[in-house]
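Q: Got a predicted structure here, sequence first:
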Amino acid sequence: MKNWRLRWWLVLCCALGLVFAGPASAGRILVLVHGYLGNSASWQQSGVLPVLEQAGWQLAGNWQSTRSGVRWEPVEPPAGEFAIDTVDLPATAPLMEQARLLGGMLAAIAQQHPTDTVDLIGHSAGGVVARLALVNYGAGTVTRLITIAAPHLGTERAWEALDATDDTGLFGGIKRWLVKREVGDDLYRTLQSSRGVLADLAPPRPGNLLYWLNARQHPDIAYVAVVRGGAYGMPGDQVVPAPSQDLRRVPALNGRASIRVVAGGHELSRQDGLLLSELVSRPANTTVPK
């Protein structure tokens, strides 16, 4: 009789433990979104990913876009509480298409990891794609957006590329020959196939994408912009002007965003990994010092 009562008591205690234990502690995920003409390898090649891994984050895998939707490719061993997901988007596609795919990836992450929070990090055009996905599809489990050298107010380089590859008109053939001679056939073809995304990255004007996006209501999350500035004789970002990278200048985010100004050019570098390690170590609602 005593053994039966003891076993019954142990079963009851185990059952109560399962009821009151609650879910495991929530983890965190960094989702890294590459920029124009980049891919998931950009974070590794630039040194950003190795620095984040040294800080305790672990690459979990990569999201890819396919004709049938999005596909997850995990790495081994499985990541722990602090995970990194990279993505591969069609970098020459219009931003709406890239944002649609990213939105699907974020929804899948939320479904797979409903208790984990996401820091969404986008470099260059990837920062605009990330913001567009949040506006169109909601934040879900994303608690913070960090953009690096992103053209939130556009860049005149996009206009220049569109003009250079406009081979219509009476002298279009001659212009095409001259531009190809200057930049090479491969780059010319790439720019030609990118005209949709280049138009999306042009400075805001009534009727274009950035004009529409910058007036849309944004989710109630934290917004941080890493802005490239010039220092010590360095010219700063020659692709996207520093004011365009400043999320505080986006009308819909007036008073809701913070920035960190750092010296450097447009491309990713190991220093971005160090800065991201610092930024993501802070709670999402923490004010970022300039």
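A: Nice, I can see it.
Q: Check the burial of residue 282 by counting its neighbours.
A: 14 (other Cβ atoms under 10 Å). From N, CA and C alone the C-beta is placed, and that goes for glycine too.
Q: Double-check that it belongs to a strand.
A: No. Counting by DSSP: H, G, I helix; E, B strand; the rest coil, residue 282 is located in no strand; its state is coil.
Q: Got the phi and psi for it?
A: Note on residue 282: its backbone torsions stand at phi -90, psi 150 [degrees, to the nearest 10].
Q: Repeat that for residue 104.
A: phi -70, psi -40.
Q: quick one: it and residue 243, what's the gap?
A: Per Cβ to Cβ, to the nearest Å, residue 104 is found 32 Å from residue 243.
Q: Please compare the two by neighbour count and tell me which comes out ahead.
A: Per other Cβ under 10 Å, whichever of residue 104 and residue 243 has more neighbours is residue 104, with 16 against 11.
Q: check contacts around residue 77.
A: Contacts for residue 77 (Cβ atoms under 8 Å, 6 or more residues apart in numbering) come out as none.
Q: Ok, residue 134 next?
A: 120, 142, 145, 218, 219, 221.
Q: does the second one have beta-bridge partners, and which?
A: Residue 142 has these beta-bridge partners by DSSP bridges: residue 118.
Q: isn't it right up against residue 120?
A: Yes. Between residue 142 and residue 120 there is a contact under Cβ atoms under 8 Å: 5.0 Å.
Q: Those two: who's more crowded?
A: residue 120 (28 against 23).
Q: related to what we said a few turns ago, quick check, nearest of the contacts of residue 134 to residue 114?
A: Distance to residue 114, by Cβ to Cβ, is smallest for residue 142 among the contacts of residue 134, at 13.0 Å.
Q: OK, contacts around that closest one?
A: 31, 106, 117, 118, 119, 120, 134, 219, 221.
Q: now do residue 229
A: 236, 242, 261, 262, 263.
Q: Buried ones among the residues you listed?
A: 236, 261, 262 (16 or more other Cβ atoms under 10 Å).
Q: could you dump those residues to a markdown table with pLDDT and secondary structure?
A: Listed next are the buried ones among the contacts of residue 229 as a markdown table, based on pLDDT from 0 to 100; DSSP: H, G, I helix; E, B strand; the rest coil:
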| residue | pLDDT | secondary structure |
| --- | --- | --- |
| 236 | 79 | coil |
| 261 | 94 | strand |
| 262 | 94 | strand |
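Q: which of those lies closest to residue 209?
A: residue 236 (25.1 Å).
Q: picking up where we left off before, export the contacts of residue 142 to a markdown table and tack on pLDDT and distance to residue 212?
A: Below are these laid out as a markdown table (pLDDT from 0 to 100; distance: Cβ to Cβ, whole Å):
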| residue | pLDDT | distance to residue 212 |
| --- | --- | --- |
| 31 | 98 | 24 |
| 106 | 97 | 21 |
| 117 | 96 | 29 |
| 118 | 97 | 25 |
| 119 | 98 | 26 |
| 120 | 98 | 20 |
| 134 | 98 | 14 |
| 219 | 97 | 17 |
| 221 | 97 | 20 |
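Q: Appreciated, that's everything.
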